[in-house]
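> Structure for the following, please:
(chains A, B and C, ligands or ions: 3)
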Amino acid sequence: MATIIVDNKSYTVDEQQNVLAACLGHGLNVPYFCWHPAMGSVGACRQCAVKQFKDDRDQSGRLVMSCMTPATNGTRISIDDPEAKAFRASVIEWLMVNHPHDCPVCDEGGECHLQDMTVMTRHVYRRYRYQKRTHRNQALGPFIRHEMNRCIQCYRCVRYYRDYAGGRDLNVFGSHDAVYFGREQDGTLENEFSGNLVEVCPTGVFTDKTFFHHYTRKWDLQAAQSICPHCSLGCNTTAGERSGTLRRITNRFNSQVNGYFLCDRGRFGYEYVNSPHRIKRAVVRPDCDRTKPGQPEEVPQAIEIAADRLRRARGVVGLGSPRASLEANVALRSLVDPQHFYQGVDEQERQLLSTILKIFQTGPVPSASIHDAEQSDAVFVLGADLLNEAPRLALALLQSIRQEPMEQVDELKIPRWDEAAVRNAVQNRRGPLFLAGYQRTWFHEYATDTYFAAPDDIARLGFAVAGSIGQGTPSVPDLSPEVKDLTQRIAEALTHAQRPLIIAGTKSGSQATIEAAANVAWALHQQGKQPRLSFVLPECNSAGLALLGGGRLNDAFDAIRQGKADTVIVLENDLYRRAEAANVDAFLETAQTVVVIDSVEHRTTAHADVLLPSATGPESDGTFVNQEGRAQRFYQVFVPDGDVKESWRWLSELGRATSQEGGSESGVAAWRNFDDAVSATATAAPALARIGEVAPSASFRLVGQKVPRQSERYSGRTSLISHLTMHEPPPPVDHDSPLGFTMEGYRGPLPSPLISQFWAPGWNSIQAVNTYQDEVGGPLRDEMPGVRLIEPVATKASGWFTTIPRAFQPTAHQWLLLPLSAVFGSDELSNRSPAIAERIGKPFLSLHPSDGARLTLEDHSTVDLVLQGTTYRLVVHLDPSTPVGTAGLSLVPEVSGVSMPAWVDLLKAIQTEHKRRAA
Amino acid sequence: MERPLTQHIHPDGTTRTLREYVKTGGYRCLQRLSSGLAPKDLQRLVTDAGLRGRGGGGFLTGTKWSFVPMGADAPKPKYIVANGDEMEPGTFKDRVLMEGDPHGLVEGMILAGYAIDAEVGYIFLRGEYHLSAQRLTEAIAEAYAAGYLGTPLPGTGFRFDLHLHASAGRYICGEETALINALEGKRAVPRAKPPFPQTVGLWGKPTVVQNVETLYNIPHIVNQGSDWYHRLSRTQDGGTKIYGISGRVANPGWWELPLGTTAREVLEQHAGGMADGVCFRGLLPGGISTAFMTEEHLDLPLDFSSIPPEIGRLGTATMIVLDDHTCPVGFVLNLEKFFARESCGWCTPCREGLPWVAKLLMSFEEGRATSEDLSLLKMHTKWLAPGHTFCGLAPGAMAPLQSALKYFHDDFERHISTRGCPWSKKSSQQKVLV
Amino acid sequence: MLSEIERRELEDAVKHYPDKRGAAIDALLTIQRRRGWISDDTLFEIAQFLEITAEDLDSVATFYNLVFRKPVGRHVAFMCDSISCWIKGCEQVQEQIKKLYDVDLGQTTSDGRLTVLPIACLGQCERAPALLIDQDVYGNVTPEKIEQIVEKYK
Ligand SMILES: Cc1cc2nc3c(=O)[nH]c(=O)nc-3n(C[C@H](O)[C@H](O)[C@H](O)COP(=O)(O)O)c2cc1C
Ligand code: SF4
Ligand code: FES
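Ligands and ions are numbered 1, 2, ... in the order given. Down below sits the predicted model:
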């Protein structure tokens, strides 16, 4: 800690910081542009100038850039110094020389950092009276709009896109006052994290194109806290609505999870909420006649019909969902009784999840948050394709590889925030990152070593690494010399690190990989390291569902087949993504009654006898548990139109409708509001006991008031529906949360789960986050970053996993078909968003070139593949990273039902044009 | 009067071969390295000689070297770079040396490399210097063939490799940290200091950048010693300096003279005074990043210590003369257009301020200026000061403008009051290139 | 496609640097010497050779003055427009060129023979005004002499 003097007042600051960050941390307003808490200082914009004095006798001082000045003890500066103020105003005046002053038509208006800084510096009148330079804008794809004339050349975009996010196709061109930020040519920005440009750019050059399509001003959004439902990481988002349409997703800072950044799937995947395929009305199939299509039905009748069926059922099975909230799953479990509640996931996934839970519950190594991942100094990834399965974690690892070289930076006495100097000192050196998988992406170029192999071989590598680190760990026979070498390199790097991180995936379905990862982490723990362990899970609430527990999907199928039950309730789940179509068909057809509760139409909803429209995440309250075991609350943003209700509410109503008349309501039937759901969830499983602590309950008030979802500038409330009625309708009442659907309410410091919009006087842009932190870049003040439900209790591993698979052997006729995730395409909900849909690739089959030759297939040729009774048209990719004897199938919507891994005789299953003609 | 740097340069413009160079004592001092002159000794020798950088900054070369980490633990490789960018308008001294005596630079580089234990050297040459490039390429090849380069110096274990890099042209490349970025194949945007290149330079390794002329001095210091070197100069800064002059003078050209020679001597004795029919109004003493000196300053010794900072600084010592037939506003406009065009575009004041300044000056020339424009010009001279911008380019750009506003204030006023340029027939309209 | 000779020249250039990227500027100038300018295709080929993206290379290419990203004539005349040459009348020389060949600064003659570009001080101030055509320097240029000079370049 150090003391610095700012305008003659002393402040205690962290001396590792620069003066700008130190001042902002104390709420002192110093304007800036090029500095960013996650990206350090480069001193380009000169906006953050302050006066620095040598000592208390120095009266004249000199202007310095606060972002480039270390906050060493005794540093004496003035922000209010007239010369410093005048200079800062002058910087804005220069930036305005070429700026088009088009705030009224600019999407950034009202949340523009440039506007904020202009006001802050009090620059008002531009004296430049010559022509402005103009640029041509580029078409950058479905996510990002480009308006170069608004550029203030802070260089943040290229620094973020290239240096932080590993992107390549955005750069700066030209020089002097004609520098241009864009792509080499028009075209879609390729990087998976391009959306953050919208928030990184301090003005309106890069804006959200999906938002543009249904634009509204920031202050006109009704917003609430959301949790991204598109992968298992649980990034925190803010969702904004107006007039019943979800308008956009922005990042919501959580120091432990997503920090300042989201991935593009998370940011642009929200439009499934507005999809024309949304289910808005309750639908009932008349007369139980399966030949007739369902008809819209009034809600009370629909409930009554469903309840009637349930009452008369010969047994009900309830199928839960890893994409539904914990509360919804608990509601179903309560309605059908726990012994009839089944986890709606396939058996392999269920097993993997239970192994993973056991590893965390019984082992000594804690799970890693994304923040932990960023801080780790050596990483070993087994079998997960992070860029496609858990993108934000890949972004974190791009930062983690800077950890190890930082030691050298410290030796050179370069402050870590001095970004350009750090990069010059570090050059291309990167900390250890080992990637073992079966699909190559650009992320692999950042790896120290890569290993492309079948899942069993990846597991063997993991076991071998554990074997050479730990004592008593099982050893792996028959390793090739290359793999032995690699094992040594990995083991060495991990044992040299202080905070090693082991990550494994579940997509390949390999139990052995999971166990191998645990062995590695435990072995490191045994060696006195502080390792962390992370598993990438299939969906946003996979962990929550696993903690809740439930039966196997096949047992549910059996129950119907064997006539033990005749009625099915499917909660937010497309069973055709879980099992082979024939099995699902049989299951749904055999059942007497199928009740489906979901938000968007899919193949399972088509089989519903009673279809109840459920609310999507932004339309409901709920809790998700992310892959590290962190429970996080999301809140309803707006009340949807139609019959749409939260799933738990439908289930609660069904519960009441099926209860004995006059009898006392119990279980879900007794739930009246979300707090009831939370209380019930807390008792549903021991691991869920702390769910109530995740966020304040509905009764929470500050100064007796609720927290408004609308900004104080929310406009047009009195006239929003004036085309229908003169009267302003009363706002909906929220019984479920401490939030109100109003402009009125408490405006002041909030518990962090209740912060939806970051705003402070003078800070209308997302940069306002700084004002919510004690130390910029650090946690929010009194942050409640969710509750980690599992922390290790064991101090050492109780035993090693010893089932080491045999080395993978390619066979003559069979290929091991492996799923290849795609950041755009593999997630059920985001695929329904038009912008994401535009980015989904054609389905493809990836083969090693030697296998391609065996099958006489050419790169980029098109084939038909018959799989599990369905024919898929696929493009062939010959890719040397595909392990020999395996075939990768891209998980895009067209192939979402294939269960994998699976052995397939490709010689038979593949139909080429040639073969077809021959036949 | 001794002229160690240039005495052997052929007046006919042909180059000196290795054989000629060796005949006049070239590469002789490498033997001193072999016979036990340690890098530290060489550093001390140069420090004692008081050699100051000839690139415009006048920094003590020995002091600069002393920041380089030395010894077995020092990072490897280290680099020495000759700054032959020479894009400062009015400056042509390095060209004269490189064309006339390329081996002097090679030898200077070897010695400087030895002094800081750098294995690799680069000569960063501006792209338009085709003749220099050709002659240096030949000289480097000769030096390799003769074993001065690429093979260990007998008895030292020191082996030096030297490469020539032709720039693709940008004034900012001359700034040493921008130059380093350019050498790395990147955009020539300057780097923040600290860390200084001496610790984190080319590819993150310790690097020393020296002006070409500075390097030419080193062999002579080694050969003849620091006392001799001090005696060359008339003032406390050691050595000779190549002074040059251009503009409307009788004989524009260059001369190697003792440091501390006055501008009047150069102008009157060597350049033969002003050209026929024009009178002296002022001069920029060393490239366009220096402030005007007028009649009253002509007797100041031109060196790194004698010019009071409120008057200006020496810069490269290649002067540009302003005469009474040339419009001082047009003169400054030409300079500011250059600076605006050559700004790297990294920091705001320079990138946006300089084009504005150029446009303001343009409006003076076109008769559209008001007195507010005059204050806007003054505002820029105040704000684009050292430390306010990222590097020295913009402050350099303000030096001539600020002094012009001081010495030629009436001329600016006249442009406003007469709504145009009083010299307009001669200085036909310049267009601001945007 | 880079020709064999071009490839060899690039390989030589790369040898002077610890990484390929270091040779970016040398590579651009080397290939430009053969092809006159750097077209998008050329840029792509060089980037591929250097194992960097076209974006990366173009970011560098567009920064520098002497890399031509647009076609130029068979010969390029660089007219120094800096201070000493300006004092000594470079503008008159330029006007004369315009009169003779109908090209402004930044333009190429209609027959593709000559591109005229402004350039920062050529370091020939003692013989101002100066002119660089291709690799040849001319000093003390006057409007009267210019035709004779340019006529050497067909
Ligand atoms: C904008 C700018 C341009 C410069 N151009 C040159 C140049 O062309 N040649 C040069 O030697 N130094 C130039 N310098 C100075 C260099 O940064 C550096 O100080 C010098 O090369 C050090 O060498 P010396 O110590 O031998 O003088 C320039 C500086 C600035 C700020
Ligand atoms: S002053 Fe700024 S913009 Fe100008 S050249 Fe230096 S760094 Fe670049
Ligand atoms: S924020 Fe300090 S210079 Fe840009």
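> Residue B:179 is in what secondary structure piece?
helix B:176-183 (DSSP states H and E).
> Does that helix reach ligand 2?
No - Helix B:176-183 lies out of reach of ligand 2 by CB under 6 Å from any ligand atom, never closer than 7.4 Å. Backbone N, C-alpha and C define where each C-beta goes, glycine included.
> Report all helices and strands that that helix contacts.
Where contact means 3 or more CB pairs under 8 Å, 6 or more residues apart in numbering or on different chains; DSSP states H and E, helix B:176-183 is packed against strand B:79-84, strand B:120-125, strand B:207-211.
> For the residue in the stretch 201-350 of chain A positioned nearest to chain C, give me its contacts.
Per CB to the nearest CB, residue A:206 is where the stretch 201-350 of chain A lies closest to chain C, at 16.0 Å. By CB atoms under 8 Å, 6 or more residues apart in numbering or on different chains, the contact list for residue A:206 reads A:144-146, A:157, A:197-198, A:200.
> Rebuild those residues as a markdown table, extending it with secondary structure and distance to residue A:336.
Shown next, in a markdown table, are these (DSSP: H, G, I helix; E, B strand; the rest coil; distance: CB to CB, whole Å):
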| residue | secondary structure | distance to residue A:336 |
| --- | --- | --- |
| A:144 | strand | 46 |
| A:145 | strand | 48 |
| A:146 | strand | 52 |
| A:157 | helix | 52 |
| A:197 | helix | 47 |
| A:198 | helix | 44 |
| A:200 | helix | 47 |
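> Pick the most buried one from the helices and strands packed on helix B:176-183.
Across those, averaging neighbours per residue (mean count of other CB atoms under 10 Å in any protein chain shown) puts strand B:79-84 on top, at a mean of 28.
> tell me the angle it makes with strand B:120-125.
On the basis of axes from the mean of the first three to the mean of the last three CA atoms, to 10 degrees, strand B:79-84 is oriented at 10 degrees to strand B:120-125.
> Could you confirm whether strand B:79-84 reaches ligand 1?
Yes - if you take CB under 6 Å from any ligand atom as the test, strand B:79-84 does meet ligand 1, through residue B:83.
> close to chain C, is the next helix or strand after that strand?
Using DSSP H and E, the helix or strand that follows strand B:79-84 towards the C-terminus is helix B:93-100. Yes - Helix B:93-100 lies within reach of chain C by CB under 8 Å from any CB of the partner chain, at B:94-95.
> what about the helix or strand following helix B:93-100, average pLDDT?
The first helix or strand that comes after helix B:93-100 along the chain, using DSSP H and E, is helix B:102-116. The pLDDT scores in helix B:102-116 average 98.
> what about the residue located most distally from the centre of chain C, which SS state?
Distance from the C-alpha centroid of chain C peaks at residue C:18, with 27.1 Å (CA atoms, centre = their mean). Secondary structure for residue C:18, judged by DSSP: H, G, I helix; E, B strand; the rest coil, is coil.
> which residues sit in contact with the closest residue to it other than its chain neighbours?
Counting by CB to CB, 6 or more residues apart in numbering or on different chains, residue C:18 lies nearest to residue B:203, which is 5.7 Å off, once chain neighbours are set aside. Applying CB under 8 Å, 6+ apart, one finds that residue B:203 lies in contact with A:427, B:79, B:184, C:18-19, C:22.
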